[in-house]
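A.B. asks: all I have is the shape, not the residue letters:
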């Protein structure tokens with residue numbers, strides 16, 4: 001997969017063009033605002049962790065009561081959510097909220113355009129006919145994370161203060177039904193899209209109450225407030241999730257038995273659950289009408305949870321290793337990087353060296369052509385992307401660039417889930433590859449990236 005920054009920019013440009021947007025302003029690398037129909041204001045941003053666009057269309061402002069009454073009189077949009085938005089004192093607006101994957105959008109056929117046009121016309125009393133639910137085909141969510149087989153399962157932990165209200169659950173279900181995934185929670189750094197998650201709540205509940213799927217990879221931030229019974233460090237890994245499905249509570253004793261007796265329920269959220277532990281649990285929806293959706297969500301993870309001998313790892317096994325089983329950076333080195341180098345360097349005569357000294361620092365791996373450094377690899381349990389999608393703000397990307405600049409080479413940033421190929425002097429990755437989806441074409445691209453600086457003597 002090529003790097004998503006280009007795809008995001010193209011998706012934003014295409015959206016503006018499709019809506020004939022005017023007065024376009026770029027607020028950051030991945031935020032834009034513009035107007036349509038003169039007085040409908042749009043804000044669009046890239047949700048980097050999930051690879052999706054979040055789009056908000058603000059209709060003209062009016063009295064709060066009128067906004068409430070009008071929203072209550074409308075049927076739900078086909079492909080988004082209609083809600084009230086407070087801008088500032090005296091400024092209330094109807095707002096349409098949408099979310100789309102950045103890599104599979106065809107604005108010419110996407111119902112978002114019709115939704116915005118119709119509701120703007122209704123609000124401005126210019127509609128020639130109500131766009132009723134009976135005339136609309138159902139919206140098909142693109143790249144639905146619930147359709148991805150989970151590689152890992154996680155136990156996420158919350159306190160009584162974070163237990164969701166029924167209103168929040170209803171709102172999140174309505175949003176998820178049209179592909180908007182805004183439920184966030186602290187998570188394990190190795191979390192990836194499609195992973196199965198169980199939400200456990202500490203005393204007085206001491207039970208699992210909800211089940212969902214990860215709708216994004218984990219991302220690191222200090223900007224989200226942690227809702228908890230006591231003060232919690234703001235520096236956390238987070239992820240977005242599909243709407244939680246309420247289940248008959250699974251008590252802590254049953255959970256402990258399923259995991260074989262050892263259950264750590266303190267510290268940061270995100271404990272890896274082995275496939276056998278998930279299979280040992282019984283899941284029943286609190287509401288019978290949710291059982292079909294629960295059955296869709298609960299799937300025993302397919303990732304390999306028992307790390308094999310590194311010498312026995314084939315490309316097929318390498319792809320299937322569960323990220324949750326790679327608990328430490330050393331696990332990524334021994335079970336992801338070293339086998340990969342074995343695949344890539346076979347028959348080349350090249351060697352690699354770990355902990356390669358560069359001035360007073362050490363690169364995790366350097367590929368050598370004799371004594372000549374050819375390529376550098378930096379390893380993380382989970383890569384910290386830059387804020388706002390900017391790679392120059394990523395400490396991990398900056399670290400790799402420092403090594404590569406000093407050696408005059410290209411390099412790779414690699415973690416439990418993904419590989420980023422970085423050209424020498426580049427401001428962003430050339431290519432991003434998900435390990436579990438790594439094709440033979442991707443493997444050839446990795447090999448070519450490593451070997452392209454090699455000078456082979458003639459003859």
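C.D. replies: That came through fine. Worth saying up front: this structure is predicted, and the values here are computed from it rather than measured.

A.B. asks: alpha carbons only for contacts and neighbour counts from here, please
C.D. replies: Fine.

A.B. asks: tell me where the model's unsure across the chain.
C.D. replies: Applying pLDDT under 70 to the chain flags the ranges 1-6, 29, 126-136, 267, 388, 455-459.

A.B. asks: just the residues contacting the longest helix seen in it, thanks.
C.D. replies: Counting by DSSP state H, the longest helix found in the chain is helix 4-18. Applying CA atoms under 8 Å, 6 or more residues apart in numbering, the contact partners of helix 4-18 are 30, 32, 34, 44, 46, 51, 53, 102-103, 105, 107-108, 389, 432.

A.B. asks: can you give me the offset of it from its chain's centre?
C.D. replies: 19 Å (CA atoms, centre = their mean, to the nearest Å).

A.B. asks: show me what the following helix or strand past that helix is packed up against.
C.D. replies: As assigned by DSSP states H and E, the chain's next helix or strand after helix 4-18 is strand 22-28. The contact analysis (3 or more CA pairs under 8 Å, 6 or more residues apart in numbering; DSSP states H and E) places strand 22-28 against strand 31-36.

A.B. asks: what's the strand it packs on packed up against?
C.D. replies: strand 22-28, strand 40-47.

A.B. asks: quick check: next helix or strand after the last one?
C.D. replies: In this case it means strand 40-47. Next along from strand 40-47, by DSSP H and E: strand 52-58.

A.B. asks: give the partner strands of that next one in its sheet and their orientations.
C.D. replies: strand 40-47 (antiparallel), strand 91-101 (antiparallel) (DSSP bridges).

A.B. asks: buried set for the next helix or strand after that strand?
C.D. replies: Next in sequence after strand 52-58, counting helices and strands by DSSP H and E, comes helix 64-73. Buried residues in helix 64-73, counted by 16 or more other CA atoms under 10 Å: 64, 67, 71.

A.B. asks: could the strands paired with strand 52-58 be laid out in CSV, adding mean neighbour count and distance to residue 229?
C.D. replies: Formatted as CSV, those follow (neighbours: other CA atoms under 10 Å; distance: least, CA to CA, whole Å):
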stretch, mean neighbour count, distance to residue 229
strand 40-47, 21, 28
strand 91-101, 23, 31
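
A.B. asks: can you say which of those strands is nearest to residue 200?
C.D. replies: strand 40-47 (26.3 Å; CA to CA).

A.B. asks: contacts for the closest one, please.
C.D. replies: 8, 12, 30-36, 52-60, 120.

A.B. asks: try it again at 6 Å.
C.D. replies: Outside strand 40-47, the residues that touch it by CA atoms under 6 Å, 6 or more residues apart in numbering are 30-35, 52-59.

A.B. asks: nearest to residue 280 among those residues?
C.D. replies: Closest to residue 280, out of all of the contacts of strand 40-47 and judged by CA to CA, is residue 52, at 34.2 Å.

A.B. asks: now the closest one: how far from residue 194?
C.D. replies: 14 Å (CA to CA, to the nearest Å).

A.B. asks: same deal with residue 165?
C.D. replies: Residue 165 is 25 Å from residue 194, by CA to CA.

A.B. asks: what about the two, which has more around it?
C.D. replies: residue 194 (26 against 8; other CA atoms under 10 Å).

A.B. asks: part of a strand, is the more buried one?
C.D. replies: No: read with DSSP: H, G, I helix; E, B strand; the rest coil, residue 194 is coil and lies in no strand.

A.B. asks: does it really touch residue 148, like I thought?
C.D. replies: Yes: under the criterion of CA atoms under 6 Å, residue 194 makes contact with residue 148 at 5.0 Å.

A.B. asks: Throw the buried residues of helix 64-73 into a markdown table and include distance to residue 154, thanks.
C.D. replies: As requested, the buried residues of helix 64-73 are exported to a markdown table (distance: CA to CA, whole Å):
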| residue | distance to residue 154 |
| --- | --- |
| 64 | 42 |
| 67 | 41 |
| 71 | 38 |
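
A.B. asks: perfect, that will be all.
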